[in-house]
Every structure is written in C-alpha cells, then in structure tokens.
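> What follows is a predicted protein model with its sequence.
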Amino acid sequence: MDAGTGVVGLIGHPVGHSKSPEMMNRAFRALGLPFVYLAFDVSPAELGTAVRGMRALGFRGWNVTIPHKVAVLEHLDEVEETAREIGAVNTVVAREGRLVGYNTDGEGYLRSLVDETGLDLVEQKVLILGAGGAARAVAHALAGAGVKSITIANRTREKAERLAASLRKGDARAVSLSEVERVIGETTLLVQTTSVGMYPETEAIPIDPSLLHERMTVSDLIYRPRKTLLLREAEARGARIHGGLGMLLHQAALAFEKWMGKPAPVDVMRKALE
Ligand code: SKM
C-alpha cells in the first residue's frame with residue numbers, strides 16, 4: 001500500500017462475519033490492482049454521515065449489506081433501474097463525483113444457479129419462500145429471465161402480494177405459507193430466501209420436508225451451513241440442490257467489474273470462500 005492505494009469496502013451492521021474482504025483483496029492482489037477492500041460496521045443512525053465520509057475520502061465504491069440496502073438509496077445521486085425496481089442497493093459506484101447505486105444480488109444469483117445446475121430458466125415454475133430483500137432481488141431476476149411462473153409464499157401474505165404485484169414481467173402470484181402444500185406439486189424450482197436454517201439454528205426447516213419431491217431443484221440462499229437441513233432433506237428425496245455460496249461469489253464478481261471496469265478473477269475469489 002502507498003499514497004496511491006484506492007479504497008473500496010462494505011458497510012453493514014454487523015459486518016464481522018463477511019467473506020467479502022478476503023474475496024475482494026485476493027482478487028486485487030491476483031490482478032495487481034492498487035486497491036484495498038475494508039469492512040465498516042455502520043449503525044443505522046450513522047449511515048448518512050458514513051456515505052458523506054466515503055464520498056469525501058474518494059472511495060471508488062462500496063458494497064452495502066443488511067440493514068442498509070434500502071435506506072442507502074436516499075443518500076445516492078442516481079439509482080440504476082434494476083436496483084430501483086428491487087428497491088434495494090448492494091453496490092455503489094463513485095463515478096465522476098456522483099454516487100450510483102446498483103443491485104448485483106439478483107444477477108449474481110442467476111449466474112450461480114445456471115452455472116451450478118445448468119437449469120433452463122424459461123421452463124421453470126418457481127416457488128419462492130419469503131418476501132424480504134433477498135426474495136425481491138431473486139424474484140425480479142427470475143422474472144426478467146422469463147421463467148414460466150412465480151409463486152411467492154410468505155407468512156404475511158400481503159408482503160408476498162406486494163412483491164408479486166411489483167414484478168412487471170410474467171405470471172406471478174402470492175400465497176401464504178400454509179398454502180404451499182397446494183402449489184408445490186407443480187414446482188420445478190423452489191427458492192428458499194428466509195433465514196430459517198441459518199447458523200446457529202441449523203436444525204430449523206421452513207417447510208414440511210415431506211412436500212419436497214424429485215421433480216424439483218431446491219435452491220437455498222443460506223451459505224452457512226453450506227448444506228442446510230432443507231437441502232439435505234431435498235437431496236434425500238432425489239431433488240437437485242443448489243446452495244447460497246455461489247450467489248455471494250457472483251454478486252461480488254459483478255460489483256468488482258463495476259468498480260474496476262474489467263472481468264473479475266472468479267476462480268481466485270471462489271478459492272477465498274473455501
Ligand atoms: O449483497 C451482498 C453484499 O454485497 C456483501 C455481503 C457480505 O459481504 O456479507 C452480503 C450481501 O448482502
């Protein structure tokens with residue numbers, strides 16, 4: 001590092017668990033780029049001050065994670081269309097003094113899904129569990145990719161209805177979690193976006209495992225543990241499974257490309273997650 005070293009980073013609350021610094025710094029080293037990536041724990045009350053500080057210090061850009069992905073929008077100069085539709089930003093780029101917000105989570109998810117499963121997206125009848133920020137990114141990306149249908153199941157059905165209504169493309173509907181049983185028979189891609197099953201509650205499962213079947217791919221956005229109880233149950237019933245680590249990798253690769261203007265060294269970054 002020297003006086004010319006550029007800075008990018010992550011803001012969130014907390015950030016101590018994040019794998020992004022290892023991934024990004026390895027990528028910079030591999031390509032000989034004079035940048036560092038640092039994680040900053042920013043409380044919600046300090047978000048505006050932090051953004052002004054990063055702007056003043058000339059950061060090239062930064063990632064945004066929970067709980068700031070929605071709140072950060074009002075501090076930016078511009079928000080790209082996909083991020084506006086999703087209603088959340090996970091990547092900010094400082095471009096000629098203007099802060100521009102993007103969302104790479106949805107596209108990162110698609111890249112990971114197609115890479116790891118080879119699924120033909122246009123053939124998929126999708127059932128999404130949950131209607132929070134991650135569900136929004138994934139639902140918009142899958143709708144944009146032209147899947148056959150999307151059903152969103154959430155404990156509070158109104159939230160699922162709002163998400164379904166916001167998808168401009170394709171056939172989307174909402175059900176409550178208790179109605180999953182009625183629709184899951186026709187599902188070919190089940191996407192689990194809630195935190196149920198995440199470390200340390202690794203024995204929790206969001207739906208009755210007897211509903212899982214071998215005609216579906218089960219995709220869980222959780223990456224800790226790598227194989228959630230839902231994925232273990234799905235595998236035992238002959239379903240194809242897809243874990244959450246690839247989404248983390250590819251959303252990071254897409255952010256890297258926006259900041260650096262060159263392809264990310266994805267294999268190097270993947271190694272940092274092992
Ligand atoms: O969207 C990503 C974010 O860019 C980085 C991150 C992390 O480092 O844990 C998680 C996701 O929210």
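Perfect, I can see it now. Numbers count the residues shown, from 1 in each chain.

> Those residues of the stretch 1-150 of the chain touching the ligand, which are they?
Contact residues, the stretch 1-150 of the chain versus the ligand (CB under 6 Å from any ligand atom): 10, 18, 20, 63, 65, 90, 105. (Glycine included, C-beta is placed from N, CA and C.)

> Inside helices: which ones of the residues you listed?
Of those, the ones assigned to helices by DSSP state H are 20, 105.

> Counting neighbours, which of the residues of the stretch 1-150 of the chain next to the ligand comes out on top?
residue 105 (31 neighbours; other CB atoms under 10 Å).

> Hmm, residue 137 and that residue touching each other?
Yes - if you go by CB atoms under 8 Å, residue 105 and residue 137 touch, sitting 3.9 Å apart.

> Find residues that contact each of those two.
86, 88, 90 (CB atoms under 8 Å, 6 or more residues apart in numbering).

> quick check, nearest of those to the ligand?
The ligand has its nearest neighbour among those in residue 90, at 3.5 Å by CB to the nearest ligand atom.

> what's the longest helix in this protein?
Longest helix in the chain, counting by DSSP H: helix 245-260.

> ok, residues contacting that helix?
8, 19-20, 23-24, 27, 31, 33, 35, 60-61, 63, 90-91, 93, 102, 104-105, 107-109, 111-113, 115-116, 221, 223, 226, 263-264, 266, 269-270, 273.

> hey, where'd the strands end up in this structure?
Secondary structure of the chain (DSSP state E): strands located at 6-12, 35-41, 61-64, 78-79, 91-95, 98-102, 125-129, 149-154, 171-176, 189-192, 217-220, 240-242.

> CSV please, covering these and showing mean pLDDT.
Shown next, in CSV, are those (pLDDT from 0 to 100):
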stretch, mean pLDDT
strand 6-12, 98
strand 35-41, 98
strand 61-64, 98
strand 78-79, 98
strand 91-95, 98
strand 98-102, 98
strand 125-129, 98
strand 149-154, 98
strand 171-176, 95
strand 189-192, 98
strand 217-220, 98
strand 240-242, 98
